[in-house]
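S.K.: give the three-dimensional model of this entry:
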Amino acid sequence: MFQALETLPAQEAALRQASCRAHLGRLQPGASGLLVFSRLGIYYLTGTFGNGVLWLPTEGEPVLMIRKGLDRARLESPLTNILPFRSYGDIEGLCAGAGSPLGAEIAAEMGALPWSLANLLTSRIKNVRFVPGDAALARAQSVKSPWELNKMRLCGHRHAKAMCETLPQRIKPGMTEREVSHVIWGIFFEMGHSGVMRMAGAGDELFLGHVSAGDSGNYPSGYNGPLGLRGEHPSVPFMGYAGQIWKRGEPLSVDCGFCLEGYQTDKTQVYWPGASAMPDEVSSAQAFCMDVQRWTAEQLKPGAIPSRIYAHVIDWAAREGFAEGFMGLGGNKVPFLGHGIGLVVDAWPVLAKGFDEPLEEGMVLAVEPKQGIPGLGMVGVENTFEVTPAGGVCLTGESFEIIRVE
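M.R.: Predicted coordinates for the structure are as follows:
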């Protein structure tokens, strides 16, 4: 009686499953398959945001076991084996009955289970060796298919239009950070934002993003990013503070992601009040960050090593005298230059030390060189780039300068 809003094409699902199996074979060659527990991981491999468990065997058909929403899963997913289940104790029997039995060694998406549920799982499935499977899933997700890239390109186009064309017409100096946040939400929803931003890190949350006027850009932050903010409240350190007014002579930094049909792009735009001259420290820091972004984008080709890109930029910042505030002031400083993005904001890989696997065509990364200026705030850029043989192609517009707002 019902029709799915979207059904994942069977060929697309098969492509993703094959990629995950290939990475699993390389990283955990003894594993007979992967158990996926996160709803987002299940969505990636099946097309439905399932409440349950997915068994992806190295050989044979996947088995999606659903606690609730069985009829919806069957509408949205092309999988053949979509079965009801109640307990982890049902998993072995259901998979064997579907012709895809578990093996003696099983990879598990361990980051998706709290300790209590992991203990419950191992008590119900005995005589099995569990090994980590998260890395295989993350690497599969890092390379976007043409189907995914089309969604991200449209997402980035709307993102750029919202922040570079529409928002400057609707904000003005004298507004509070919270007022600006509400204007952004209104514009984003007008343009189709799904209203959800997702993070991969355990316990990490995100709501809209960061709106930081003046020294809020250097306010102490527990979020794993360089831009500080006061936020709504200590319990909701996102969006903007109702008591912080955007004043003349200081920057407004907006770091807000856009989500369309589950896929996200990331962008930071800095605004300056009026036509008054910017301090030299603002203009020089912005120019340096734009140069870093331009150079980094040129390096985003298949085969490039993320850790080498990061090391080059850190040395560059030190040579140019920007080391102190580059990628955050004081405790806000973060040890990376950018990050993968897609179904989550904080995806693999990261432009940072230790990430030595080469980039691949079809990866998408957010590059975010930013500079904290003591007593004034933070400037810089962030945009989302697709890795191509010709270098990074920006999905979130081509305007990177500070935008003046009257």
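S.K.: convert stretch 198-206 to PDB, retaining C-alpha atoms only.
M.R.: Output of stretch 198-206 as PDB, limited to C-alpha atoms (Å, rounded to 0.1, in the frame of the first residue of the first chain):
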ATOM      1  CA  ARG A 198      25.700  13.200  12.000                       C
ATOM      2  CA  MET A 199      29.100  12.500  13.700                       C
ATOM      3  CA  ALA A 200      31.000   9.200  13.800                       C
ATOM      4  CA  GLY A 201      32.900   9.800  17.100                       C
ATOM      5  CA  ALA A 202      31.500   8.000  20.100                       C
ATOM      6  CA  GLY A 203      29.200  10.400  22.000                       C
ATOM      7  CA  ASP A 204      29.900  13.300  19.600                       C
ATOM      8  CA  GLU A 205      26.900  15.500  18.700                       C
ATOM      9  CA  LEU A 206      26.400  18.400  16.300                       C
END
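S.K.: so for that stretch, mean pLDDT?
M.R.: Across stretch 198-206, pLDDT averages out at 90.
S.K.: does Met239 have beta-bridge partners, and which?
M.R.: Note on Met239: beta-bridge partners His210, judged by DSSP bridges.
S.K.: now the helix ranked longest in the chain: average pLDDT?
M.R.: Criterion DSSP state H: the longest helix present in the chain is helix 280-299. Per-residue pLDDT values across helix 280-299 average out to 98.
S.K.: give me the packing partners of it, helices and strands only.
M.R.: helix 306-319, strand 364-367, strand 370-373, strand 377-380 (3 or more Cβ pairs under 8 Å, 6 or more residues apart in numbering; DSSP states H and E). In short, each C-beta sits where N, CA and C put it, glycine included.
S.K.: by contact count, what packs against the following helix or strand past the first one?
M.R.: Stepping forward along the backbone from helix 306-319, the first helix or strand reached (DSSP states H and E) is strand 338-340. With contacts defined as 3+ Cβ pairs under 8 Å, 6+ apart, strand 338-340 has these neighbours: strand 347-351, strand 364-367.
S.K.: among the ones you listed, which is nearest Ser123?
M.R.: Of all the helices and strands packed on strand 338-340, it is strand 347-351 that lies closest to Ser123, at 30.7 Å by Cβ to Cβ.
S.K.: how far out from the middle of the chain is that closest one?
M.R.: Here strand 347-351 shows a centroid-to-chain-centroid distance of 9 Å under the convention Cα atoms, centre = their mean, to the nearest Å.
S.K.: deepest of the helices and strands packed on strand 338-340, which one?
M.R.: With neighbours defined as mean count of other Cβ atoms under 10 Å, these peak in mean count at strand 364-367, which reaches a mean of 27.
S.K.: hang on, the earlier thing: among the helices and strands packed on helix 280-299, which is nearest His159?
M.R.: strand 364-367 (11.1 Å).
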